[in-house]
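**Student:** fold the following for me, if possible:
(2 chains)
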Number of protein chains: 2
Amino acid sequence: MKYIESVNNSKVKQWKKLLTKKERDKSGTFLVEGFHLVEEAIKQGEQISEIIVSEKVGLPPRWDLGSTPVTTITEEISDSLSDTEAPQGIYAVCRQANPEAGNAKSLLLIDAVQDPGNLGTMIRTADAAGIDAVIVGRGSVDIYNSKVLRSAQGSHFHLPIIRGDLHEWMDKLQEKDIPVYGTALEGASAYTDISGGDSFALIVGNEGNGVGKDYLANTTANLYIPIYGKSESLNVAVATGILLYYLKK
Amino acid sequence: MKYIESVNNSKVKQWKKLLTKKERDKSGTFLVEGFHLVEEAIKQGEQISEIIVSEKVGLPPRWDLGSTPVTTITEEISDSLSDTEAPQGIYAVCRQANPEAGNAKSLLLIDAVQDPGNLGTMIRTADAAGIDAVIVGRGSVDIYNSKVLRSAQGSHFHLPIIRGDLHEWMDKLQEKDIPVYGTALEGASAYTDISGGDSFALIVGNEGNGVGKDYLANTTANLYIPIYGKSESLNVAVATGILLYYLKK
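**Tutor:** Numbers count the residues shown, from 1 in each chain, chains lettered A, B, ... in the order given. Model prediction:
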């Protein structure tokens, strides 16, 4: 087991850079933090490339590390790798997946969702609902942002999360007769008018502006969730949950 | 219109104290921040007691302020009242409501939800779903916490949000033959086995531990949301949305 105690060590510098999207994409890796996410990375097994642990922290004996290298670091270095208030002192470097989702029949398409907590919660919700793949379009926060990873609680290791062009995906899905449902406040049908099933794609969009009009013009149908009270709208992750669980039923 | 430029002004000190629960409860007031929340406070009209605005910010002409006093402050004071990264420079002091909900037929009961974003989103979701009242039990984050207010997006001004004893509420509701549904992972029925309707109470609980066992033992029935994929659970606000929209249908 390696031990690093200098904050100037080149590996430490490289890990810290993974807090930026630029370096994540350049290296094709990302950093997960905390016991739950590291355990999910270990369980999945294919993407994890190394474990980093503070000397103040113990590895749970139940973890089957296989041949994954482990490096021990000082608490000071550990704290410098975290953007949380109470770092758990454990990290894993993982490879970005390059998943195929050509056979996916149920998909969540995400247009320009900017809050990392929302995006992560939507990925977690899609996972729970048994959706086959999540496609994240341009204008959304990075899928490997640390807060997205935390909010998704490990779902990045459970289903394909793909950065893609939503227009291309919509075309491809509709060619296969998979209905594509947009979400909109105007010119839309109540979601309960649609019967759902095993095969569908749902597009949800930006917190302030909703789904882009150019997408809505090319859907099979657009749906809205009725507002029975006085709030103007629902949180996008909550709306996603209501729609996915309704459509999957 | 009053103008205050000293950060040591006694009113400024009092407003700042409203960032703490202790002072909010002592004074029976709370502070909302940002154009949307201040506008919701103005529209509701009954709880607003004063508006505070940075000298760098203009009041939208559409706002009907009535006799609500307005105080202008420096940008420096304005920034000191905010706990957001990009303060909008507009605030309102509002009185805490002391609502009755004796006739409420559809209720959301919240047990020990600690994340302010979750609690606010749940209040917003209850509002959207047309729920009559939200009862917040012990162990939850303060309903007037600034992040709860922001996430609820004005729903505090739309429906009764009551701090209460959940056991007492459960007893009272069941005496009136209003079914009380808990949410649980074990010993529960799939939510789709229940038919819902206009009259019900739903109890949702803590992010890590769920609803307290002493509550679950006294419900009409306990429900779970099936997990079809590999995530362990749903976010509590998302689960609340799925259940409320299902039960209200």
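
**Student:** chain A: strands as residue ranges?
**Tutor:** With strands called from DSSP state E, chain A shows them at A:2-4, A:29-33, A:48-54, A:70-73, A:90-95, A:106-111, A:133-136, A:161-163, A:180-183, A:189-190, A:200-205, A:221-224.

**Student:** so for the second one, mean pLDDT?
**Tutor:** By that I understand strand A:29-33. The average pLDDT within strand A:29-33 is 98.

**Student:** can you name every helix or strand that that strand contacts?
**Tutor:** Applying 3 or more Cβ pairs under 8 Å, 6 or more residues apart in numbering or on different chains; DSSP states H and E, one finds that strand A:29-33 contacts helix A:35-44, strand A:90-95, helix A:146-152. Placement of C-beta: from N, CA and C, glycine included.

**Student:** can you redo the ones you listed as a markdown table with mean neighbour count?
**Tutor:** Formatted as a markdown table, the helices and strands packed on strand A:29-33 follow (neighbours: other Cβ atoms under 10 Å in any protein chain shown):
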| stretch | mean neighbour count |
| --- | --- |
| helix A:35-44 | 19 |
| strand A:90-95 | 22 |
| helix A:146-152 | 23 |
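
**Student:** buried residues in stretch A:205-215?
**Tutor:** By neighbour count on 16 or more other Cβ atoms under 10 Å in any protein chain shown, the buried set for stretch A:205-215 is A:205-206, A:210-212, A:215.

**Student:** now do it: distance from first to last residue.
**Tutor:** 10 Å (Cα to Cα, to the nearest Å).

**Student:** what's around residue A:178, how many residues?
**Tutor:** Using other Cβ atoms under 10 Å in any protein chain shown, residue A:178 is surrounded by 18 other residues.

**Student:** residues from chain A in reach of chain B?
**Tutor:** A:117, A:121, A:124-131, A:151, A:153-155, A:158-159, A:192, A:225, A:227-235, A:237-242, A:245-246, A:248-249 (Cβ under 8 Å from any Cβ of the partner chain).

**Student:** which stretch among the strands of chain A comes nearest residue B:89?
**Tutor:** strand A:200-205 (28.6 Å; Cβ to Cβ).

**Student:** average pLDDT for that closest one?
**Tutor:** 98.

**Student:** what pairs with it, and is each one parallel or antiparallel?
**Tutor:** Neighbouring strands of strand A:200-205 in its sheet, by DSSP bridges, are strand A:106-111 (parallel), strand A:180-183 (parallel).

**Student:** domain map for chain A?
**Tutor:** Chain A resolves into domains spanning A:2-95, A:106-247 when parsed by automatic domain parsing.

**Student:** point out where chain A drops to low pLDDT.
**Tutor:** For chain A, no stretch is flagged by pLDDT under 70.

**Student:** now with 90, please.
**Tutor:** The model of chain A has pLDDT under 90 over residues A:1, A:98-100, A:102, A:185-187, A:196, A:249.

**Student:** is it possible to export the strands paired with strand A:200-205 to TSV including mean neighbour count and distance to residue B:105?
**Tutor:** Formatted as TSV, the strands paired with strand A:200-205 follow (neighbours: other Cβ atoms under 10 Å in any protein chain shown; distance: least, Cβ to Cβ, whole Å):
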stretch	mean neighbour count	distance to residue B:105
strand A:106-111	25	34
strand A:180-183	24	29
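
**Student:** got these as a markdown table, with distance to residue A:76 columns?
**Tutor:** Shown next, in a markdown table, are those (distance: least, Cβ to Cβ, whole Å):
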| stretch | distance to residue A:76 |
| --- | --- |
| strand A:106-111 | 37 |
| strand A:180-183 | 46 |
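
**Student:** right, and those strands - which one's nearest residue B:56?
**Tutor:** Among these, the nearest to residue B:56 by Cβ to Cβ is strand A:106-111 (33.6 Å).

**Student:** could you export the closest one as PDB, CA atoms only?
**Tutor:** Extracted C-alpha coordinates of strand A:106-111, given in PDB (Å, rounded to 0.1, in the frame of the first residue of the first chain):
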ATOM      1  CA  SER A 106     -37.000   3.200 -21.800                       C
ATOM      2  CA  LEU A 107     -35.000   6.400 -21.700                       C
ATOM      3  CA  LEU A 108     -34.800   9.600 -19.800                       C
ATOM      4  CA  LEU A 109     -33.600  12.600 -22.000                       C
ATOM      5  CA  ILE A 110     -32.400  15.600 -20.000                       C
ATOM      6  CA  ASP A 111     -32.200  19.100 -21.600                       C
END
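
**Student:** chain center to that strand: distance?
**Tutor:** Mean-position distance between strand A:106-111 and its chain equals 11 Å (Cα atoms, centre = their mean, to the nearest Å).

**Student:** run through who's touching it.
**Tutor:** Contact partners of strand A:106-111, identified using Cβ atoms under 8 Å, 6 or more residues apart in numbering or on different chains, comprise A:101, A:119, A:122, A:126, A:130-137, A:139-140, A:166, A:169-170, A:173, A:178, A:180, A:198-206, A:211-212, A:215, A:240, A:244, A:247-248.

**Student:** please repeat the previous calculation with a cut-off of 6 Å.
**Tutor:** Outside strand A:106-111, the residues that touch it by Cβ atoms under 6 Å, 6 or more residues apart in numbering or on different chains are A:126, A:131-137, A:140, A:166, A:200-203, A:205, A:211-212.

**Student:** try stretch A:88-97
**Tutor:** Against stretch A:88-97 from outside (Cβ under 6 Å, 6+ apart): A:28-35, A:38, A:41, A:47-54, A:56-57, A:78, A:81.

**Student:** quick one on the thing from earlier: quick one: closest of the strands paired with strand A:200-205 to residue B:185.
**Tutor:** Closest approach to residue B:185 among the strands paired with strand A:200-205 (Cβ to Cβ): strand A:106-111, 23.6 Å.

**Student:** between the helices and strands packed on strand A:29-33, which one is nearest to residue A:63?
**Tutor:** Of these, nearest to residue A:63 by Cβ to Cβ is helix A:35-44, at 5.7 Å.

**Student:** now the closest one against strand A:29-33, angle please.
**Tutor:** Put simply, helix A:35-44 runs at 130 degrees to strand A:29-33, going by axes from the mean of the first three to the mean of the last three Cα atoms, to 10 degrees.

**Student:** by contact count, what packs against helix A:35-44?
**Tutor:** On a contact count with 3 or more Cβ pairs under 6 Å, 6 or more residues apart in numbering or on different chains; DSSP states H and E, helix A:35-44 meets strand A:90-95.

**Student:** change it to 8 Å
**Tutor:** Using 3+ Cβ pairs under 8 Å, 6+ apart: helix A:35-44 touches strand A:29-33, strand A:48-54, strand A:90-95.

**Student:** thought residue A:132 was touching residue A:158?
**Tutor:** No: applying Cβ atoms under 8 Å as the test, residue A:132 and residue A:158 come out as separate, 11.0 Å apart.

**Student:** who does residue A:30 form a beta bridge with?
**Tutor:** residue A:94.

**Student:** test my guess that it contacts residue A:24.
**Tutor:** Yes: contact criterion Cβ under 8 Å: residue A:30 and residue A:24 qualify, at 5.0 Å.

**Student:** look at these two and report which has more neighbours.
**Tutor:** Between residue A:30 and residue A:24, residue A:30 has the larger neighbour count (other Cβ under 10 Å), namely 26 against 19.
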